[in-house]
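[1] the following block contains a protein sequence and its predicted model.
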Amino acid sequence: TDLPRSPPAAAEPRHASPAAPRRLREKLRTAARMAGPPAHTAPGSRQQVQGGERRAEPATGAPAARETRAPFRFDYERFRRSLRHPVRGRRTGEDPETRARRMKIKEMMKFAWDNYKQYALGKNELRPLSKNGHIGNMFGGLRGATVVDALDTLYIMELEEEFQEAKKWVEKNFDLNVNGEASLFEVNIRYIGGLLATYYLTGEEVFKSKALELGEKLLPAFNTPTGIPHSLFSPCSGMSWSWGWASAGSSILAEFGTLHLEFLHLSELSGNPVFAEKASTSQLVLNRVEKPQGLYPNFLSPVTGNWVQHHVSIGGLGDSFYEYLIKSWLMSDKKDSEAKKMYDDALEAIEKHLVRKSAGGLTYIAEWRGGVLDHKMGHLACFSGGMIALGAEHAGEERKQHYVDLAAEITNTCHESYARSDTKLGPEAFRFDAGTEAMATRLSERYYILRPEVVESYMYLWRLTHDPKYRQWGWEVVKALEKHCRVEAGFSGIRDVYTTTPTHDNMQQSFFLAETLKYLYLLFCEDDVLSLDDWVFNTEAHPLPVNHTNFKA
Ligand code: DMJ
């Protein structure tokens, strides 16, 4: 999701974390088992995950011989043996055109990185027109968002020198002792996600230790009566808040619902179940709460655990919550059946109440405001074609084709939102009312900020169907980016997709390197590069491994 910034409401008092209920403990046992037998864990480790709880101290006798126990050690070699495909694939039998297109995208990544490095290294984003850096106020004093977001893309594209530059910055300059007000969601998906993914890809300890150190700083945000985290936290003071604009101090579905993948891996790598416990509490609260028509509204009180407003959207404010349900199930090696059921039920309700077909035959997902449909689809909602494609394979024989078709129809509609613009890039939101189809009607919705969601869906649909049109559509985006967004010192968003002489917004978003270019690149790779058998992508396109339970170590 993407959220407006505003000052936090008055600081709320910190609350004690609720005790983990019995069902949660059971769930955590399952989560802990995802790591497999204690081959991942040094025997007798102090923080060994056992049944989801820290190992009990001996009741009597000599003091525990803690000091002599080996510290927890994640078995990286064992993890690598669990993968079914080489991380960067085998590169066999491809045609020259596909290779040339992939190389073009690699060149775009190098250009984006080189300019960031030259003009903005250590700042959060590059301003490619003014040739300087942007810090912003989303990350609470953390810096280098573009470095951390770019790491795994540089690695996958085999931009070795550039990867080393980024790694060096993390080693020498990435300071976690910062103060300020940070978004839990943004820090999690970009920094934690980027660091975890790069650790799993490379085995370099620095990425793991930074991820775990930062992960600890997120924990105070969960100190609420329900365990549903606040949206904002201070890495230094441990205080947390809700957004000032979120009614009645509510937390946002797409924020507290988009932690599960990263937090399970924080537990996996640290041996400390607290992260999995925090993320599972949110899932449990959401599973229990009554849902209007089976739908999940976007605002929930972290104090009462009840909905605050009945606005439902698969775009901004709601989006990645749904994505993390199906991906949690896939990442658990299909063991987290609660997440799968929540996903299946949610998708059924979405299809019944929000999916509509326009007069011109375009399938879209509307928003829902207390039972009334707003016939608008945000660019953010275009990730859903890819999500539904990813889930389709596991929907059961009778539903599978239906979901493949639905995913293809939604992705087609998102492609139309690009095809109907003068730049061939899509607007921030498009509507289906008053004779309009798949176009923005408001001036304020005409911009494009280098977002990934449409090419993300092309990538998933390509892998599912191998229909060449998805590669053609991806290539149209590459050409449009080159024509309208490439400037002298990087790539910039544009303010109006309906004019061929667009004004640039002077911002190269970090997600352009993390997501847009990565998904485009993967679209022109063989399927075994970051194979979906082995990896799930977090919502910032950082690959996190599936916990294969069935392999010979
Ligand atoms: C990214 O940070 C993530 O994809 C998030 O889930 C939504 N917004 C941006 C990209 O548009």
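    Cool, got the structure. Numbering: from 1, shown residues only.

[2] buried ones in whichever helix or strand Arg471 is part of?
    Secondary structure assignment for Arg471, by DSSP states H and E: helix 469-480. By 16 or more other C-beta atoms under 10 Å, the buried positions in helix 469-480 come out as Tyr470, Arg471, Trp473, Gly474, Trp475, Glu476, Val477, Val478, Ala480. Where you see a C-beta, it was placed from the backbone N, CA and C, and this is true even at glycine.

[3] and which of those residues is nearest to Gln509?
    Taking C-beta to C-beta as the measure, Gln509 sits nearest to Val477 out of those, at 15.2 Å.

[4] tally of neighbours for the spatially closest residue to the closest one that is not a sequence neighbour?
    Of all residues not flanking Val477 in the chain, Val455 sits nearest, at 5.6 Å (C-beta to C-beta, 6 or more residues apart in numbering). Neighbourhood size, Val455 [other C-beta atoms under 10 Å]: 27.

[5] elements contacting the stretch of helix or strand Val455 belongs to?
    For Val455, the host element (DSSP H and E) is helix 453-465. Under the contact definition 3 or more C-beta pairs under 8 Å, 6 or more residues apart in numbering; DSSP states H and E, helix 453-465 sits against helix 383-392, helix 397-419, helix 469-480, helix 517-523.

[6] tell me which residues are up against the helix holding Arg471.
    For helix 469-480, the surrounding residues in contact (C-beta atoms under 8 Å, 6 or more residues apart in numbering) are 98, 101, 104-105, 108, 411, 415, 418-419, 423-425, 454-455, 458-459, 461-462, 520, 523-524.

[7] among these, the buried ones, what's the ChimeraX command?
    In ChimeraX syntax, the buried subset of the contacts of helix 469-480 is picked out as below (16+ other C-beta under 10 Å):
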select :101,104,105,108,411,415,418,423,424,425,454,455,458,459,461,462,520,523,524
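
[8] ok, back up a step: how far off centre is the helix holding Arg471?
    Put simply, helix 469-480 sits 23 Å off its chain's centre (C-alpha atoms, centre = their mean, to the nearest Å).

[9] now that helix and helix 397-419, what's the angle there?
    For helix 469-480 against helix 397-419, the angle by axes from the mean of the first three to the mean of the last three C-alpha atoms, to 10 degrees is 20 degrees.

[10] between helix 453-465 and helix 469-480, find me the angle.
    Helix 469-480 runs at 150 degrees relative to helix 453-465, counting by the same axes, to 10 degrees.

[11] state the mean pLDDT of helix 469-480.
    For helix 469-480, mean pLDDT rounds to 98.

[12] using CSV, list the CA coordinates for that helix.
    What follows is helix 469-480, C-alpha atoms only, in CSV (Å, rounded to 0.1, in the frame of the first residue of the first chain):
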residue,chain,number,x,y,z
LYS,A,469,1.6,-11.4,-25.3
TYR,A,470,2.9,-10.9,-21.7
ARG,A,471,6.5,-10.4,-23.0
GLN,A,472,5.2,-8.1,-25.7
TRP,A,473,3.3,-6.0,-23.1
GLY,A,474,6.4,-5.9,-20.9
TRP,A,475,8.5,-4.8,-23.8
GLU,A,476,6.0,-1.9,-24.5
VAL,A,477,6.6,-0.8,-20.9
VAL,A,478,10.4,-0.9,-21.4
LYS,A,479,10.1,1.3,-24.5
ALA,A,480,7.7,3.7,-22.7
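
[13] numbering from 27 from now on, please.
    With the count now opening at 27, the last piece we talked about shows up as helix 495-506.

[14] so which elements touch the top helix by length along the chain?
    Longest helix of the chain, by residue count under DSSP state H: helix 122-146. In terms of contacts (3+ C-beta pairs under 8 Å, 6+ apart), helix 122-146 is packed against strand 151-153, strand 158-160, helix 171-182, helix 186-199, helix 495-506, strand 516-517, helix 543-549.
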